[in-house]
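Undergrad: Below: sequence and its predicted model.
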Amino acid sequence: MELIVKEPGFSADFKTIIGFVDSDMSFQRLKPTLEIATDEITDIISQETYDLVIQKLFPEENENQEPQEPDDSGNETSDSQNEESEVPAGFSQFNELTEKKQNDFISLLKYAIFLKTCILYLPTGDLSVSNNGRIMRRDDHTVAAFQWQIDKHDESLEQLYYRHLDRLLRFMFDNNLKINQKKYDHKNLIVNSIDIFETHFDINGSRLLYLKLLPGIKEAEKLQIIPRTGKDYHDIIKSDPDSDLAFLAQKCIVSSAMVWGINRLNLQLFPKGVLQNESKGSEGYSKKTADPVQKQGLAITFENDLNRDLLELEKTISILQNPPEILQNDNEPFKLPDLEFDENDKFISL
């Protein structure tokens with residue numbers, strides 16, 4: 001794997017970008033976590049976009065690479081070419097951005113990778129490993145942090161990481177950069193944008209949370225909506241997202257996805273105030289927590305909304321499939337039914 005930074009000048013680069021580290025960080029010590037962090041970020045932005053960034057940063061190395069062997073069709077292939085190499089309609093490539101936007105994206109990407117590296121490395125770097133096992137070193141000028149301080153700092157770093165990933169994804173969405181289409185393809189869904197999602201529930205514009213909820217969104221559409229609407233009405237909903245029927249289907253999907261997410265995702269991904277509340281511990285600091293009862297109660301709330309809206313969706317589909325008969329056309333004059341009375345009947349004529 002080619003990293004976004006090289007060993008020469010790494011410590012200064014790391015310190016400049018992260019900002020809050022006050023000592024030189026060893027490239028060799030951080031390299032394993034750098035690789036893990038790079039894998040995690042690449043999984044979101046796509047391998048192809050990451051490879052284009054590397055080509056931008058180290059053009060001389062890519063120029064010196066030996067040409068790839070041609071395939072059976074006579075075309076050269078590369079390791080980065082795969083099923084997602086083709087750019088879908090409406091998306092752009094990194095190398096199609098302006099010079100300034102390319103540099104902005106590289107800065108956002110570096111910070112995301114370096115911050116995740118810190119999060120992964122710090123727990124293992126708190127202690128030193130010697131022949132006598134794990135030890136904690138300190139001198140007259142430094143003292144080890146208390147456990148509550150470590151916990152609070154870990155939580156703050158994680159919140160910062162998720163917020164920065166949102167910045168990175170916002171940049172990609174705003175500039176139509178392709179993300180990992182294999183994992184995060186959402187264009188053909190009923191709830192195919194964060195704008196539609198937030199019509200029904202506000203997630204503070206978190207692109208990251210929206211992408212993380214995609215498995216729940218897809219599951220809801222496939223298992224909850226299509227069996228009730230059938231293919232024909234499913235296609236109608238997708239073709240007219242502003243219709244009342246589409247509104248009902250979207251609302252069901254969002255509620256179902258929230259139940260899925262509350263029970264499966266890291267709570268730090270959710271906006272403050274949705275699943276978390278501030279509670280003051282005995283150590284004298286505030287910590288964002290989600291009581292299991294509170295968490296389950298919120299899931300039940302979304303589930304109740306889902307059940308109510310599914311019933312309304314079923315009723316609407318039933319009416320559309322079996323419209324009520326119209327007994328009288330308002331444009332025609334009213335007529336009594338022909339009772340077949342004549343002069344030979346037994347009734348008296350007036």
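TA: On my side now, so go ahead.

Undergrad: which parts of the longest helix along the chain are buried?
TA: The longest helix of the chain (DSSP state H) is helix 292-321. For helix 292-321, a neighbour-count test (16 or more other Cβ atoms under 10 Å) marks Lys295, Leu298, Ala299, Phe302, Asp305, Leu306, Asp309, Leu310, Leu313, Thr316, Ile317 as buried. C-beta: built from backbone N, CA, C; applies to glycine.

Undergrad: quick check, nearest of those to Leu177?
TA: Phe302 (31.8 Å; Cβ to Cβ).

Undergrad: sorry, back to before: need the mean per-residue confidence for the longest helix of the chain.
TA: Averaging pLDDT along helix 292-321 yields 91.

Undergrad: Any idea how far that helix is from the middle of the chain?
TA: 23 Å (Cα atoms, centre = their mean, to the nearest Å).

Undergrad: Counting by contacts, list what it packs against.
TA: Here helix 292-321 touches helix 226-239, helix 244-264, going by 3 or more Cβ pairs under 8 Å, 6 or more residues apart in numbering; DSSP states H and E.

Undergrad: separation between the nearest residue to Glu312 once chain neighbours are set aside and Ile54?
TA: Nearest residue to Glu312 in three dimensions, chain neighbours excluded: Leu248, at 5.9 Å (Cβ to Cβ, 6 or more residues apart in numbering). Using Cβ to Cβ, to the nearest Å, Leu248 is found at 46 Å from Ile54.

Undergrad: quick one, strands of the chain?
TA: 128-130, 133-135, 277-280, 286-289 (DSSP state E).

Undergrad: Give me the angle between the longest helix of the chain and helix 226-239.
TA: 80 degrees (axes from the mean of the first three to the mean of the last three Cα atoms, to 10 degrees).

Undergrad: Tell me what angle helix 292-321 forms with helix 244-264.
TA: Put simply, helix 292-321 runs at 160 degrees to helix 244-264, going by the same axes, to 10 degrees.

Undergrad: related to what we said a few turns ago, look at Leu248 and Ile54 and report which has more neighbours.
TA: Neighbour totals were compared for Leu248 and Ile54, and Leu248 leads with 21 against 16 (other Cβ atoms under 10 Å).

Undergrad: Pick out the residue closest to the middle of this structure.
TA: Leu211 (1.5 Å; Cα atoms, centre = their mean).

Undergrad: Let me see the contact set for it.
TA: Shown in contact with Leu211 (Cβ atoms under 8 Å, 6 or more residues apart in numbering): Ile44, Leu169, Ile179, Tyr184, His186.

Undergrad: Phi, psi for the residue nearest to Glu198 when sequence neighbours are not counted please.
TA: In space, and not counting its chain neighbours, Glu198 is closest to Gly205: 7.3 Å by Cβ to Cβ, 6+ apart. Phi and psi for Gly205, reported as degrees, to the nearest 10, are phi 70, psi 20.

Undergrad: Contact partners for Gly205?
TA: Taking Cβ under 8 Å, 6+ apart, one finds Asp166, Arg170, Ile194, Glu198 in contact with Gly205.

Undergrad: among the residues you listed, who's most crowded?
TA: Neighbours here mean other Cβ under 10 Å. Within these, the largest count is held by Ile194, at 20 neighbours.

Undergrad: List the contacts of the spatially closest residue to that one that is not a sequence neighbour.
TA: Sequence neighbours aside, Tyr210 is the residue nearest to Ile194 in space, at 4.6 Å (criterion: Cβ to Cβ, 6+ apart). With contact taken as Cβ under 8 Å, 6+ apart, Tyr210 is in contact with Ile194, Phe197, Ile203.

Undergrad: Ile44: how many residues sit nearby?
TA: Neighbours of Ile44 using other Cβ under 10 Å come to 21.

Undergrad: so what's Ile106 up against?
TA: By Cβ under 8 Å, 6+ apart, the contact set of Ile106 is Ile4, Val53, Lys56, Leu57.
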